[in-house]
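> need a structure here:
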Amino acid sequence: MVIGPSSITPLEPTTWVKQRVASRRDRRVVAAAVMMLRSALIAAVGALTCGFASALETFERNLIFQPPDNYTDPRVLYPRTVQLNDGRLLGTWENYSPEPPLVWFPIYESLDGGLTWEEVGQVHDQVNNWGLRYQPFLYELREDFAGFPAGTVLLAGNSIPTDLSETQIDLYASQDKGRTWEFLSHVARGGRAIPNNEETPVWEPFILIFEDDLILYYADQRSAEHGQEISHQTTKDLKNWSAVVTDVAYPTYTDRPGMPFVTQLANGDYMYTFEWGGAPIIPTYAFPIYYRIAKDPRKFADAPDMYINSTNGGVFPINSPNVVWSPVGGCNGTIVVSSNSAPLFINRRGGDPSAWVAYDSPEAGAYTRNLRIMEEDPDYLLIMGAGVLPPSTTNKVTVSMLKLTELLGLKQA
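Numbering: from 1, shown residues only. Model prediction:
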């Protein structure tokens, strides 16, 4: 079932706070954490009227990395960030350096809220002798998990040989904030890294922890019945992975859902964005952005499809979605979705399909720009871009910071 413009039950922030805390802690620790998070959320929402002290600054298109001229087109692409519990930012991207040596994922760090960055590490393929080539994703463990302490940084990425003959999503870990890395496990293996129907690659990993499972979502072309699906697998030990679960698949073989991205909303539900190649809402073949909302992020297969169509101009955002949620903006907070183009798509009604509004963004349109709500002040939105597809010799890694209250025209005292 596809849901178009309609109403969705309003969301309660306190429910989100209770569900945000991991269920494995004892009740007294949970109660204390709930109170702390509830206070933080109230303070953040209060930023609309009473101000919010912050050391963060807004800025536009600060340069992080200018690739050398000998890099292969598109030189850089597909940026990803994570904010660690101590406030620092880490960033990475696809690095099209000349081979040999085998390609790797660079790790850059910012200690000043994204203003300046320096390289602090590199993630190299330790097991396949192929390189780490496409689609990195960063995630920090906020609690002990599978024998790894809180603060461990995980990286999932696509290990692919130079001839693009195979794809392998692998998982790595760093216990020193990105300086050094160790291989943990193979997750999913596929065929040639060519995004055509009848090929069998795996693509675009995304990590989320829910209850006692670490979930890894990815685009999956291995089915004979569908050109591409979206799948996930789970692990409890970061070594052994569950059977493949299909999240999104459509009857028409040439349809290509992909690029999954997930955020948690005010009431604790999870929003799952993806592009749908061949979606029926556009008469020509395109990749408009759809989403699903579910209480359990392992069960998006049971949730109905919804799509984004801005109420100011009727714009359908096309391909490479990212999504984040901020408590700023009212009782439901603010959902922010990025696509391949410059505008941001905003929803302040908990994902109601009739409530999407497009806003201009200072960060230029780019292939799968990365969004991040800053934890010390969720009024601030970081946007990192690394250029466009088709390949371009002008791609570089840049970052912008904006305030949601300014973007939305909301007053602060």
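
> need the contact list for the residue nearest to residue 218 when sequence neighbours are not counted.
Computed as Cβ to Cβ, 6 or more residues apart in numbering, the closest residue to residue 218 that is not its neighbour in sequence is residue 205, at 4.9 Å. Backbone N, C-alpha and C define where each C-beta goes, glycine included. Residues near residue 205 by Cβ atoms under 8 Å, 6 or more residues apart in numbering: 135, 137, 156-158, 169, 187, 216-218.

> Could you single out the nearest of those residues to residue 303?
Using Cβ to Cβ, residue 217 comes nearest to residue 303 of the contacts of residue 205, at 13.8 Å.

> hang on, isn't the closest one packed against residue 259?
No: when contacts are counted by Cβ atoms under 8 Å, residue 217 is not listed as touching residue 259 (9.7 Å).

> quick one, which of the two is more surrounded?
Counted by other Cβ atoms under 10 Å, residue 217 and residue 259 do not tie: residue 217 has more neighbours, with 28 against 25.

> For the more buried one, name its beta-bridge partners.
residue 206, residue 232 (DSSP bridges).

> can you map out the strands along the stretch 1-150 of the chain?
Taking DSSP state E, counting those that start in this stretch, the strands of the stretch 1-150 of the chain run over residues 2-3, 59-65, 76-83, 89-95, 105-110, 118-123, 132-140.

> quick one, which of those is packed in tightest?
strand 89-95 (a mean of 26; mean count of other Cβ atoms under 10 Å).

> Now do the phi/psi pair for residue 406.
Taking degrees, to the nearest 10, you get phi -70, psi -40 for the backbone angles of residue 406.

> how much space between it and residue 208?
Distance of residue 406 to residue 208, given as Cβ to Cβ, to the nearest Å: 30 Å.

> ok, those two, which is more surrounded?
residue 208 (21 against 11).

> That one contacts residue 235, doesn't it?
No: with contacts counted by Cβ under 8 Å, residue 208 stays clear of residue 235, the gap being 11.9 Å.

> Common neighbours of the two, please.
residue 214.

> so how far is the first residue of stretch 306-320 from its last?
16 Å (Cα to Cα, to the nearest Å).

> heads up, I number from 193, so please use that
Sure thing, new numbering starts at 193, so read that last one as stretch 498-512.

> what residue ranges in the protein score low on pLDDT?
193-246, 604-605 (pLDDT under 70).

> quick one, helices of it?
Under the criterion DSSP state H, helices of the chain are mapped to 205-212, 219-242, 596-600.

> Count the neighbours of the residue nearest to residue 394 when sequence neighbours are not counted for me.
Nearest non-adjacent residue to residue 394, counting by Cβ to Cβ, 6+ apart: residue 382, 3.8 Å away. If you count neighbours by other Cβ under 10 Å, residue 382 ends up with 21.

> Test my guess that residue 382 contacts residue 412.
Yes: judged on Cβ under 8 Å, residue 382 makes contact with residue 412 at a distance of 7.4 Å.

> Residues that sit against both of the two, list them.
Common neighbours of residue 382 and residue 412 (Cβ under 8 Å, 6+ apart) are residue 394.

> Report the contact partners of the closest residue to residue 505 other than its chain neighbours.
The shortest distance from residue 505 to any non-neighbouring residue, by Cβ to Cβ, 6+ apart, is to residue 550 (6.3 Å). By Cβ under 8 Å, 6+ apart, the residues touching residue 550 are 502, 504-505, 507, 509, 535-538.

> partner residues bridging residue 550?
residue 537.

> could you measure it against residue 451, distance?
20 Å.

> repeat for residue 501
Applying Cβ to Cβ to residue 501 and residue 451 gives a distance of 19 Å.

> So the closest residue to residue 522 other than its chain neighbours versus residue 564, what's the distance?
Nearest non-adjacent residue to residue 522, counting by Cβ to Cβ, 6+ apart: residue 540, 5.4 Å away. Distance of residue 540 to residue 564, computed by Cβ to Cβ: 19 Å.

> what's stretch 410-420 in contact with?
Stretch 410-420 has contacts (Cβ under 8 Å, 6+ apart) with 361, 379-380, 382-383, 387, 389-398, 421-424, 436, 438, 441-442, 445-452, 469.

> Number of residues surrounding the closest residue to residue 529 other than its chain neighbours?
The spatial neighbour of residue 529 that comes closest, neighbours along the chain excluded (Cβ to Cβ, 6+ apart), is residue 537 at 4.3 Å. Using other Cβ under 10 Å, residue 537 has 24 neighbouring residues.

> cool, and residue 503?
12.

> so who does it touch?
Contact analysis of residue 503 by Cβ under 8 Å, 6+ apart lists 546-549.

> now do 6 Å
Residue 503 makes contact with residue 549 under the criterion Cβ atoms under 6 Å, 6 or more residues apart in numbering.

> Quick check, residue 315 in contact with residue 348.
No: using Cβ atoms under 6 Å, residue 315 is not in contact with residue 348; the gap is 10.4 Å.

> I'd like to know how many residues surround the closest residue to residue 402 other than its chain neighbours.
Distances taken as Cβ to Cβ, 6+ apart put residue 489 closest to residue 402, at 5.1 Å, once the chain neighbours are dropped. Residues lying near residue 489 (other Cβ under 10 Å) number 23.

> Please tell me how far residue 489 sits from residue 318.
Distance from residue 489 to residue 318, by Cβ to Cβ: 29 Å.

> Same check on residue 418?
33 Å.

> again with residue 583
28 Å.

> Check residue 451 too.
Applying Cβ to Cβ, the value for residue 451 to residue 318 is 27 Å.

> swap in residue 357?
Distance from residue 357 to residue 318, by Cβ to Cβ: 20 Å.

> Over to residue 426?
Applying Cβ to Cβ, the value for residue 426 to residue 318 is 23 Å.

> which of these two has more neighbours?
residue 426 (19 against 13).

> Quick check: that one touching residue 408?
No: Residue 426 is beyond contact range of residue 408, at 7.5 Å (criterion: Cβ under 6 Å).

> Might you specify the subset of the contacts of stretch 410-420 located within strands?
361, 379-380, 382, 394-398, 421-424, 438, 448-452, 469 (DSSP state E).
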